[in-house]
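*Asks:* Following is a predicted model, sequence given first.
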Amino acid sequence: MPLLLPTIEEEGKISWLRVFYRYRLQFQAMATASAISFAGGMKLAWSVFEKPTFDSPKLVVVHLLTIAWFVGVAAGAILATGFVGRVTKNVANYTSGLMLLLGGLLFCCTPNSYLAILSSCLLEGCAYGINQIQSLATAGEVAHKDIRGLLVASERIFLWLGVSFQLLCTRLWFLNEPPSGYVMHVNQLHGLLVIFIALGAVAFNILHRFESPIHLQRQGRDLAAKYVMKQLQNARYPSLELAQNHGECKQLLVYDAGQSIGLTLRKYNVLPLLKLLLLRCYGTISLSLPVNRIFITASMTGLNCSMNCVYLLALCGLLGSILGAFCVDKYGRRRIAVISLLFSGTCVFLMGGVLQYIYEEISEILLTHLTFELVVYLMCCYQLFSCAGVSLIASVYMSEAFTTAAKPFCLSILLVCEQTVQIMLALLVFYVDFNEPQFFFIMGVVGMLMGIITMFAMPETMNTSLYESLQKFNGIP
């Protein structure tokens, strides 16, 4: 009989369970960031997807509570540029966890105090902003090239999990409310949950203290960088891949050596920054106040919802994020982004047309609920595509596009601009005669144009090392 050689299993055929087990330490390194993102999603749902729970005759009070979290995120992003990349990531993680804990305590102890609730929103937003800068800077550096997209995408998944969980808790709270009412205030329930999440985030940081190999290399701790890299990739023995990755860590640091951040920014990071600014700001609209308010109105009429049905929109966001996370390292960033931009732009453009028809012909429409039901389905499709391939891909690109020294500064610019867009859209809804059909027409045209631009302007970085991704973005020799 002929001698049969042993079968060699190809890397592409490894199951997802084996992938999670092999790279489990990389996911554990992001556990604290995931917990804080979950809490951020809860606060986002409380302030935008729901109306802030605070009794006041002044509308400006509710308006300030709606935008306070976004202001806090921008402030946290600016604050993070002072220490992210310069000190251990534990500083950012502990700072975010303690801010989150303090915000939860304020919510739990003083649920009817306006200043306490406003301060809590600012603190929790600040915690999320610091966490975003640190996690996006660290995830790309600790992740293996085959799962970098999935690891970075965990931030979006847990954000939408937090949104969905908060909406579910609120819905169950009011559905099961006894005739005599609850002893506890609904804000206290929210604060109590945030406290548990904050304690969990701090505990995760104590248990999983993995540092970025690039940060260790920057400190001149060569042996520590090799050891951490070996642990993160679950390699028992030194290998050619580990040696290559270690060499690329050194190459990444060469481009920033001896240069000011301003020079590095102008030389390597301006063009990627502008590209991602457009992609990130367009993706953030799926979380904005206009989208949620229009969905609430349409679902009340189209689906006959007796309560707030915005949880359906949140579930579409969660499903899209999970779907995108499992596809981003298999089908590529650019392909998914282009398809999602074109389809989401088409859906939102059609939605603008339907709303325009409703507003102009409302007196002649016989089955108004069916027309609004069409709006609901179009919005769900838009949310699904936008979360699967726009905001998620933007986050993955953000972890890959910038040089190491300038990365915190560039991420801060992107995050501040994103929050500025959210605040402006909220103020438009509050204080301007908002034209929904025109807004969605513009969104649709912009989305389809960006899909075409992305096809030619954005690189494909799937299964490439961080150094190779940087080369593709910047043309570094």
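*Replies:* Perfect, thanks for sending it. Numbering: from 1, shown residues only.
*Asks:* these two touch, right, Q188 and L106?
*Replies:* No. Using CB atoms under 8 Å, Q188 makes no contact with L106, being 10.9 Å away. (C-beta placed from N, C-alpha, C; glycine too.)
*Asks:* out of the two, which sits in the busier spot?
*Replies:* Using other CB atoms under 10 Å as the criterion, Q188 and L106 rank with L106 on top: 24 against 17.
*Asks:* I figured A77 hits L415, correct?
*Replies:* Yes. Using CB under 8 Å, A77 makes contact with L415 at a distance of 3.9 Å.
*Asks:* Please identify which of the two sits among more neighbours.
*Replies:* A77 (28 against 24).
*Asks:* any low-confidence regions in this structure?
*Replies:* The chain contains residues with pLDDT under 70 at 1-13, 53-57, 236-239, 241, 255-262, 306-308, 362-369, 475-477.
*Asks:* What is the neighbour count of A298?
*Replies:* 27.
*Asks:* likewise the one 3 residues further on?
*Replies:* Counted with other CB under 10 Å, the neighbours of T301 add up to 17.
*Asks:* now do L98
*Replies:* Residues lying near L98 (other CB under 10 Å) number 15.
*Asks:* Can I take it that it is in a strand?
*Replies:* No. According to DSSP: H, G, I helix; E, B strand; the rest coil, L98 belongs to no strand; its state is helix.
*Asks:* ok, now which ones touch it?
*Replies:* By CB atoms under 8 Å, 6 or more residues apart in numbering, the contact set of L98 is 198, 202.
*Asks:* Enumerate every residue touching the residue nearest to A201 when sequence neighbours are not counted.
*Replies:* Closest residue to A201 apart from its sequence neighbours, by CB to CB, 6 or more residues apart in numbering: A35 at 3.9 Å. A35 sits next to 158, 197-198, 200-201, 204 when contact means CB under 8 Å, 6+ apart.
*Asks:* out of the residues you listed, who's nearest G332?
*Replies:* F158 (23.5 Å; CB to CB).
*Asks:* what about the closest one, distance to G76?
*Replies:* 17 Å (CB to CB, to the nearest Å).
*Asks:* Those two: who's more crowded?
*Replies:* G76 (29 against 24).
*Asks:* Would you double-check that the more buried one falls in a strand?
*Replies:* No. If the criterion is three-state DSSP, then G76 is helix and not within a strand.
*Asks:* okay but it is in contact with C126, surely?
*Replies:* Yes. When contacts are counted by CB under 8 Å, G76 is listed as touching C126 (3.7 Å).
*Asks:* shared neighbours of the two, which are they?
*Replies:* M99.
*Asks:* so C309, which of the three states?
*Replies:* Classified using three-state DSSP, C309 is coil.
*Asks:* Disregarding residues adjacent in the polypeptide, which is nearest to it?
*Replies:* With sequence-adjacent residues excluded and distances taken as CB to CB, 6+ apart, C309 is closest to S299, at 3.9 Å.
*Asks:* Verify the stated contact: the one you found with L312.
*Replies:* Yes. Under the criterion of CB under 8 Å, S299 makes contact with L312 at 6.9 Å.
*Asks:* neighbours of I197, just the number please.
*Replies:* Counted with other CB under 10 Å, residues neighbouring I197 total 23.
*Asks:* Spatially central, which residue of the protein would that be?
*Replies:* R156 (3.8 Å; CA atoms, centre = their mean).
*Asks:* Okay, that residue and C380: tell me how far apart.
*Replies:* Computed as CB to CB, the R156 to C380 distance reads 17 Å.
*Asks:* now L303
*Replies:* 11 Å.
*Asks:* Which residue, other than its chain neighbours, is closest to Y359?
*Replies:* In space, Y359 is closest to P437, 6.6 Å off (CB to CB, 6+ apart).
*Asks:* in what helix or strand does the one you found lie?
*Replies:* Here P437 sits within helix 436-457, counting by DSSP states H and E.
*Asks:* now do L172
*Replies:* Per DSSP H and E: helix 148-175 holds L172.
*Asks:* The very next helix or strand once past that helix versus helix 148-175: what angle between them?
*Replies:* Remark: after helix 148-175, the chain's next helix or strand is helix 186-207, criterion DSSP H and E. Using axes from the mean of the first three to the mean of the last three CA atoms, to 10 degrees, the inter-axis angle of helix 186-207 relative to helix 148-175 is 150 degrees.
*Asks:* chain center to helix 186-207, what's the gap?
*Replies:* Averaging C-alpha positions (CA atoms, centre = their mean, to the nearest Å) puts helix 186-207 19 Å from its chain's average.
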